[in-house]
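In: I'll drop the sequence and a predicted model, then ask my questions.
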Amino acid sequence: MFLSMNWIKDFVDLSGLDELKLINQFSLSTAEVENDIQFKGSDISGIVVAEIKSVEDHPESKKLHLLKVDIGADELVDVVCGAPNVRVGMKTAFAKVGARIGEIEIAPRPLAGYMSCGMCCSEKEIGISDDHSGIMEITDDVANGTDLKTIYAIDDIVFEVDNKSLTNRPDLWSHYGIAREFAAIAGRPLKELDFADLKAYDELPKVDMKIEDPLCYRYSSLQFENCTRSVSPVDMRIRLFYCGMRAINFLADMTNYLMLEMGQPMHAFDSRKVGKIRIKRFEKDFDFTTLDGVERHIDPETLMICDDNTPVAIAGIMGGLDSEIVEDTNTLTLESATFDAASIRKSTVRLSHRTDASMRYEKSLDPELTTAAIARFVYLIKQFDEGVKIVSSLTDEYAYHYPEVELSFDKAYVDKYTGIAIDNDTIVNTLQRLGFGVVNNGDDFTVKVPSWRATKDVTIKADIIEEITRIYGYDNFEIHTATAPLFPTRPEPVKKDEDSVKDILVKHYNLHELHSYVWNYVDELKELGIENRGVIKLMNATNPNIETIRETMIPTQLCQIKSNLGYAPAYGVFEVGRVVTGMTDDNLCIEEKHLGITLYAKGDNIRDQYFRMKTIIETLVDELKHKKVTFEKREPAFDFEHPVNLNAVIVDGVELGKIGMLHPSVMKKLDKRANVVFAEIDMDKFAAIENNSIHYEEPSKFPAIEIDLSFLTSAFAPIAKAIENAACALIKDVDVIDIYDADENSSIAVRITFSDNARTLTKEEVAAVTDGIIADLEQQNILLKK
Amino acid sequence: MKEKLEQLKARLSEELSAAVDGKKLEELRVSYLGKKGSITDLLKGMKALSNEEKKEFGQQVNALKQLAAQSIAKRAEELKQLEIQREIDATPAFDLTIPTKEDRGSYHPITLVQRECERIFTTMGFNVEDYPEVVTDYECFESVNVPKNHPARDMQDTYYLENGELLKSQTSAAQNAILKKYGKQLMENGMPIRAIFPGRCFRNEATDATHENTFFQMEGVMVDKDISISNLIYFMKTMLSEVFQKDVKVRLRPGFFPFVEPGFELDISCLICGGETGCPSCNHSGWLELCPCGMIHPEVLKEGGIDPEQYTGFAFGLGLTRLAMMKYGIKDIRDLNSGSLKVMSQFTDDK
């Protein structure tokens, strides 16, 4: 919303104050002012009133005219002018020699063979409207040569307030409301508006009007005739233009002017079309053409203004084409009403049509405004068009009154909430300047909230704190720390583990942490031949490619691998992210926090990759839980999983996740000359595993004996079993030192370390154990390699 | 005989310098000191001498023998040194201008910024909380004073799921749960609620260089008996000065958020120009809008089971994504979720 300082200064005397500072203070106390403050009129000077005394056609140009104009000087001035609307006797805006328009300084210059000593200006050239169809026509009775700036309010400071920052302040959608803030900030009184006394028309007949729907809170109306003025006064047009509206005609401009001044949207109907005003909704859908010529679909939820049963306007949004004021309109019916804010807001959403009126209505306007705005309208219109005749009494139906809001609090409450000491006088003064009624008794306050703040904005004591503090100024706050007792902080186990996991993966294993979206990348998955699977979808996704919430992290990571092909011959990525794996009995999502790891490498070293992944998982569990991992074969649950080597990761009997290889069909689509291994771990389950902590064992001071045994087999499990069966406390470590993979000649070499803390072992006792192991394996046909 | 001895002595010195490797030196040693060596031979030739002569000659031979052994050992040591020197001389100097690739992983920039914030708040006694991404309407809106039909719901275009749940549009969705989790300790043990909850948020909007449908925020709350606006400003200023490692100025402007009253938009002095002059990065205003904050709305406290007459608190929502972009100069917000290693592998540990 654009605001004119001139307009604000109609209502509060800011003389002697720095207006830019005040605007900045407004930003800090009320609502955000956008950065580019406009200094209207600052780029023009030397524009005066000139009267065209003679007009001659240019001998060689169809467009150009040779003018002599009177600028109040001794001699007439010669000007060459291309405007179509020049005529003798017309007064216009004239940039005389030495005048400045933007970067241009006006100087005498030859134009099409004739000297031109100045320039007749269009309103657009002066910056007071966007009319460039001809030069400005000045109808006011002003002396030739008068500087335009002395008769019209061209110089102005115009600033913009972000509409979003006014969402909760219906009272600020007007210059008068903004002026109230400036008055409070500047500590100057707010002037009363001038109104017409409408009681004078009480004897006149009423408008036939009835509210038939509770969505209309108040409807006020007045009829008048004989409005003859068609063009608005220049100053009114300038204000409208500076505030971002176009002047249309006097009546339309008047309603817009009132809306910008008081915040009350108004509408004028042709009285012939609205004999019986009824406000209601219809049971059936229908189409309705608004005054902008657009046919709109109206549903039974949309509140309408009707002439009996004929809709004539969409309540609070826009009037209809058929009831618009036309050339031969004589009697006008003025509407000034209040509607249910949520209803208007929803209607604008359904109609996809937002107007200056609806923007205000959806903020919950003060119903007290309706009659005041009519009184102001009458006051102003009589100033500008004396012949206007009021032909009805003020007709007003006030169906819904917002409850009056009265709030009580004491100084202790203010002190506690602010943390500083604001004295009682400041509290009273601030609130009074903002229009609150204040009763102050010692340290106790009772506050009556003004109607324009009581529609939704100020309802509780804390709201009063805001009123006091924002005007007091947050920059003026003395700031201090809280005096709260100290207690240790306890990190969430899952957060702690997540941090450690990230550190290990980045620092030990050089993996890269990537982020991704929580939904499946449908198009990318299709390229990999992976099904778009998920247990739940978004209801209002604008793009089907981001609709299905992922069930597992891995497909996303495969897409990432695909988009990073060529980054390096081998790398790994990971993410701790969320997946939805199922629904509860109450139809709520089962959301899990998963760690996904995917390793990629060129070449055919899949076994090395797989064991690297195994090491990663075992290291995570060992470092953070000091426990061992077991693996157990699983059948694939997803189409990207290789049926071989898919293993569950189990700690303490709890299945934390799985590790696996990529299905060949997906692998071929991803990269034929590489291999991929993945793992996915449920972080909440991981965090729930109890940390076994460190169990320190003093290393034996006696020498250990290492025995290497090589068996003719390709499976380690029986060897592990046989060593376990030996149940020998002297065995401290078992290592696989060599694997020879050659079908029938495969062999596995193990190194068994024996030691005892109390003595040196004898060869004989160690041999007895190893012989037992060898014999055990021999029985299973696993022979020692000679 | 004596002559022979002198000759031998002279020859030894000659041959020693000619022995240029260990093998030659060993041959030399054997040729002089071995059983059949020249010096041994000298002793053998002594039989012909008188006892007197024997004694004198024997002493001389022994001296020679010792001399030979010593000089051979010395020569051996020299050769060893020579050998090492030769090895040193033969060692090639490496060309370090040849580029090598660093062998390391990387953190997501959000992780780096989030950890930094968590560290700062932990030192100030805040607990770090974790919260789901899928939440109910109650958690995200109702419980934080955004009832149905509230315009604020339109302000944030929310992703709804088929079952009526939603992807949280703000970290405030965790507020109610945090208040309930710690409320008892507050009321019974006087333990103030101090918590931050970083998390991913979602908004149903079109993406471009400055808009993302998926981004990170970090919400913080503090509730106690006398928490004031003054405390809020203090904490925000302290925390942000830590985050940016400089004394930032903060300013508060009124801002409307249903979950706080009063609510503020917090600006910090521009990090580039310091707020004095204005520059392109702060759009010449000297200030950067950074985070909404405010005093927790009494209704929100009440809904969390905390009596707003007894307790007050503040809350703030810091945009971690925004912070990361500011800190590292990331221009396009979409880079963060792009999964591109060219972009993301640049972010090493940044403690």
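Out: Great, that's in hand. For clarity, every value in this text was computed on a predicted model and none was experimentally measured. Numbers count the residues shown, from 1 in each chain, chains lettered A, B, ... in the order given.

In: Extract the residue ranges of the stretch 1-150 of chain B that are flagged as low pLDDT.
Out: Counting by pLDDT under 70, the stretch 1-150 of chain B contains low-confidence ranges at B:1.

In: Can you name the residue of it nearest chain A?
Out: Closest contact between the stretch 1-150 of chain B and chain A, by Cβ to the nearest Cβ, is at B:Gly105 (3.8 Å). C-beta coordinates here come from the backbone N, C-alpha and C atoms, glycine included.

In: roughly how far apart are whichever residue of the stretch 451-600 of chain A sits closest to chain B and A:Val12?
Out: Nearest to chain B in the stretch 451-600 of chain A, going by Cβ to the nearest Cβ, is A:Glu466, at a distance of 3.4 Å. Per Cβ to Cβ, to the nearest Å, A:Glu466 is found 22 Å from A:Val12.

In: same question, B:Thr136
Out: Here B:Thr136 is placed at a distance of 48 Å from A:Val12 (Cβ to Cβ).

In: In terms of neighbours, single out the busier of those two.
Out: A:Val12 (23 against 17; other Cβ atoms under 10 Å in any protein chain shown).

In: I'd assumed A:Glu181 was in contact with that one.
Out: No. Counting by Cβ atoms under 8 Å, A:Val12 sits too far from A:Glu181 to count as a contact (9.4 Å).

In: Am I right that the residue of the stretch 451-600 of chain A closest to chain B is in a helix?
Out: Yes. Using DSSP: H, G, I helix; E, B strand; the rest coil, the assignment for A:Glu466 is a helix.

In: ok, now which ones touch A:Arg100?
Out: Shown in contact with A:Arg100 (Cβ atoms under 8 Å, 6 or more residues apart in numbering or on different chains): A:Asp43, A:Ile44, A:Ser45, A:Gly46, A:Ile106.

In: Next up, identify which helix or strand it is on.
Out: Following DSSP states H and E, one finds A:Arg100 within strand A:91-101.

In: Report the strands that pair with that strand, each with its relative direction.
Out: Next to strand A:91-101 in the sheet, as set by DSSP bridges, lie strand A:44-57 (antiparallel), strand A:104-105 (antiparallel), strand A:119-121 (antiparallel).

In: by how many degrees do the next helix or strand after the first one and strand A:91-101 diverge?
Out: From strand A:44-57 onward toward the C-terminus, using DSSP H and E, the following helix or strand is strand A:65-70. Inter-element angle recorded for strand A:65-70 and strand A:91-101: 90 degrees (by axes from the mean of the first three to the mean of the last three Cα atoms, to 10 degrees).

In: Which elements pack onto strand A:65-70?
Out: Counting contacts by 3 or more Cβ pairs under 8 Å, 6 or more residues apart in numbering or on different chains; DSSP states H and E, strand A:65-70 packs against strand A:44-57, strand A:77-81.

In: which of the ones you listed is buried the deepest?
Out: Most buried of the helices and strands packed on strand A:65-70, by mean neighbour count (mean count of other Cβ atoms under 10 Å in any protein chain shown): strand A:77-81, with a mean of 22.

In: Hey, what's the angle from that one to strand A:65-70? Just curious.
Out: 150 degrees.

In: if you average pLDDT over strand A:77-81, what comes out?
Out: Taken as a whole, strand A:77-81 has a mean pLDDT of 94.

In: Now do that strand: everything it contacts.
Out: With Cβ under 8 Å, 6+ apart as the criterion, strand A:77-81 contacts A:50, A:58, A:64-71, A:94, A:96, A:111-112, A:114-120, A:135.

In: redo that, cut-off 7 Å
Out: With Cβ atoms under 7 Å, 6 or more residues apart in numbering or on different chains as the test, strand A:77-81 has contacts from A:64-69, A:71, A:111-112, A:114-118, A:120.

In: Contact partners for the residue in chain A that chain B sits nearest to?
Out: Nearest to chain B in chain A, going by Cβ to the nearest Cβ, is A:Gly419, at a distance of 2.6 Å. Counting by Cβ under 7 Å, 6+ apart, A:Gly419 touches A:His480, B:Ser228, B:Ile229, B:Ser230, B:Asn231.

In: Please identify which of the residues you listed is nearest to A:Thr430.
Out: Set against A:Thr430, the nearest of the contacts of A:Gly419 by Cβ to Cβ is B:Ile229 (15.0 Å).
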